[in-house]
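Asks: What follows is a predicted protein model with its sequence.
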Amino acid sequence: MQEPLVFLPGMMCDARLFAPQLAEFSRDRAVTVAPVTGGDRMEEIASSLLDVLPRRFALAGLSMGGIVAMELLRRAPERITRLALMGTNALSETPQSAAGYEPLIIKLRAGAVDEAVQAVIGPETLAPGAGRMAVLARMAEMAHAVGAEATIRQVRALQRRRDYQAVLRRCRVPALVLCGAHDRLTPVRRHELMAGLIPDAELLVIDEAGHLPVLETPEAVNAALAGWFARPQAATIPAADD
């Protein structure tokens, strides 16, 4: 069997985010969607995942899932065979941007999950087109399933996250950095930065997608992931960052 694949979803998302990828890649490899709700710090979330994930695995994360993926790379690079970062950001929050999450937490504590979803993923964060409203509806379904309490923990983890630029510089596995051209949450320039830091990275910008390319343009994402899997694994694995 081929190397297992682990997907990490974004904030307020569950396995439904990767439904097209699960259907495509589970035919010939073990595929897991791991939750990113196991703590209010990235370090706690990563620790809980390392206890249950395979010994070695390919890792793909979107948005917050990409940040957790970078924390896993920092803690256990020897376990990751290849890395895909999608719609994400390697930079830490500034005090000002961290404080900007507080209105979202207020909405969640009040039980206004739909308002919280609209504050994070609105139509302007996705590519225009007939399928945009269906993607937003799927996002709302996932957010209600994840729930306000878990989402608040995720927001706290995002507020407190570290800068991962040094971690990416040490990455020695085949890497895919993928984003949508219409993504206003994690713009293309953030992905250009990440791809420039990783020695063996391929950058792909999908013109017809926004922040959720896995749902907006699943065929293009699946083709990119297939090409990522076709690249040979690294000969050497870096040591963990102490």
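Replies: Here it is on my side, so go on.

Asks: Which residue lies closest in space to the residue sitting nearest the centre point of the chain, excluding its sequence neighbours?
Replies: By C-alpha atoms, centre = their mean, the chain has its centre lying nearest to Leu62, at 1.9 Å. Taking C-beta to C-beta, 6 or more residues apart in numbering as the measure, Leu62 lies nearest to Met86, with 4.3 Å between them; neighbours along the chain are not counted. Where C-beta positions appear, they are placed from N, C-alpha and C, glycine not excepted.

Asks: From Val33, how far out is the residue lying farthest from the centre of the chain?
Replies: In the chain, Ala110 marks the outermost C-alpha relative to the chain mean, sitting 26.6 Å out by C-alpha atoms, centre = their mean. Remark: distance between Ala110 and Val33 (C-beta to C-beta, to the nearest Å) = 29 Å.

Asks: Also Arg82?
Replies: Where Val33 is concerned, Arg82 sits at a distance of 17 Å (C-beta to C-beta).

Asks: Same check on Pro199?
Replies: From Pro199 across to Val33, the span is 28 Å (C-beta to C-beta).

Asks: show me where the chain has strands.
Replies: Ranges of strands in the chain, per DSSP state E, are 2-8, 29-33, 57-62, 80-86, 175-180, 201-206.

Asks: Among the ones you listed, which comes closest to Ala15?
Replies: Evaluated over these, closeness to Ala15 peaks at strand 29-33, with 3.9 Å, by C-beta to C-beta.

Asks: count of residues packed around Ala137?
Replies: Residue crowding around Ala137 was assessed by other C-beta atoms under 10 Å; the count is 10.

Asks: Equivalent analysis for Asp14, please.
Replies: As a burial measure, the neighbour count of Asp14 was computed by other C-beta under 10 Å and equals 17.

Asks: And for Asp28?
Replies: Counted with other C-beta under 10 Å, the neighbours of Asp28 add up to 10.

Asks: Return the backbone torsion pair for it.
Replies: For Asp28, the backbone dihedrals (degrees, to the nearest 10) come out as phi -130, psi 10.

Asks: Of all the helix elements in the protein, which one is longest?
Replies: For the chain, the longest helix by residue count, based on DSSP state H, is helix 132-146.

Asks: roughly how far out does that one sit from the chain middle?
Replies: Centre-to-centre, helix 132-146 and its host chain are 16 Å apart (C-alpha atoms, centre = their mean, to the nearest Å).

Asks: which parts of it are buried?
Replies: Of all the residues in helix 132-146, those buried under the rule 16 or more other C-beta atoms under 10 Å are 132, 135-136, 138-140, 142-143, 146.

Asks: Can you lay out those as a markdown table showing pLDDT?
Replies: Converted to a markdown table, these look like this (pLDDT from 0 to 100):
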| residue | pLDDT |
| --- | --- |
| Arg132 | 94 |
| Val135 | 96 |
| Leu136 | 95 |
| Arg138 | 97 |
| Met139 | 97 |
| Ala140 | 96 |
| Met142 | 98 |
| Ala143 | 97 |
| Val146 | 97 |
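
Asks: Out of the residues you listed, which two sit at the greatest distance?
Replies: Across these, the two lying at the largest distance from each other (C-beta to C-beta) are Arg132 and Val146, at 21.2 Å.
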